[in-house]
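Novice: The following comprises the amino acid sequence and a computationally predicted model.
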Amino acid sequence: MKKILLVCSAGMSTSLLVTKMQAAAKEQGIEIGIEALPVAECSTVVDSVDIVLLGPQVRFQKSQVEKLVNGRIPVEVIDMRAYGTMNGKAILEDALIKIK
């Protein structure tokens with residue numbers, strides 16, 4: 001099972017997005033683990049996920065997260081439009097493409 005970590009400043013704004021992404025995965029019959037955490041806590045799980053998606057509001061911390069994963073997995077900033085509209089389906093599809 002693939003695992004996606006969403007990171008934002010407090011872990012709150014991405015919680016709704018996690019729900020939308022899980023619903024999209026269920027519709028498509030995809031088994032996936034999706035979790036949201038604040039940047040300060042992401043180091044606790046980066047070794048067990050397949051991709052880290054940063055909320056647009058923390059894109060400036062991308063290099064910090066990239067150092068944590070040390071090239072093992074992709075670290076991407078979520079498209080601002082998809083994030084703003086909470087388009088879980090589009091964000092999920094984009095993440096799955098980047099994992100492969």
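Specialist: Everything's here; your move.
Novice: Show me the shaky parts of the chain.
Specialist: The chain contains residues with pLDDT under 70 at 11.
Novice: Could you point out the longest helix of it?
Specialist: If each helix of the chain is counted by residues according to DSSP state H, the longest one is helix 13-28.
Novice: Any chance you could list what contacts the helix or strand that that helix is followed by?
Specialist: Per DSSP states H and E, the first helix or strand lying C-terminal to helix 13-28 is strand 32-38. Outside strand 32-38, the residues within contact range by Cβ atoms under 8 Å, 6 or more residues apart in numbering are 1-11, 14-15, 17-18, 21-22, 25, 44-45, 49, 92. Using the backbone N, CA and C atoms, a C-beta is placed for each residue, glycine as well.
Novice: Just the buried residues of those.
Specialist: The neighbour count (16 or more other Cβ atoms under 10 Å) marks 2, 4-8, 10-11, 14, 17-18, 21-22, 25, 49, 92 as buried among the contacts of strand 32-38.
Novice: Can you pick out the most distant pair from those residues?
Specialist: Pairwise distances across the buried ones among the contacts of strand 32-38 peak at 24.9 Å for K2 and A10 (criterion: Cβ to Cβ).
Novice: Run a quick neighbour tally on Q57.
Specialist: Neighbourhood size, Q57 [other Cβ atoms under 10 Å]: 17.
Novice: helix, strand or coil for it?
Specialist: helix (DSSP: H, G, I helix; E, B strand; the rest coil).
Novice: these two touch, right, D79 and M86?
Specialist: No. If you go by Cβ atoms under 8 Å, D79 and M86 don't touch, sitting 11.8 Å apart.
Novice: Skipping adjacent residues, who's closest to M21 in space?
Specialist: G88 (4.0 Å; Cβ to Cβ, 6 or more residues apart in numbering).
Novice: separation between the one you found and R72?
Specialist: Distance of G88 to R72, given as Cβ to Cβ, to the nearest Å: 25 Å.
Novice: These two - which one has more neighbours?
Specialist: G88 (21 against 11).
Novice: Report the separation between that one and S63.
Specialist: 27 Å.
Novice: And for C42?
Specialist: In terms of Cβ to Cβ, C42 sits 13 Å off from S63.
Novice: Many thanks, we can stop here.
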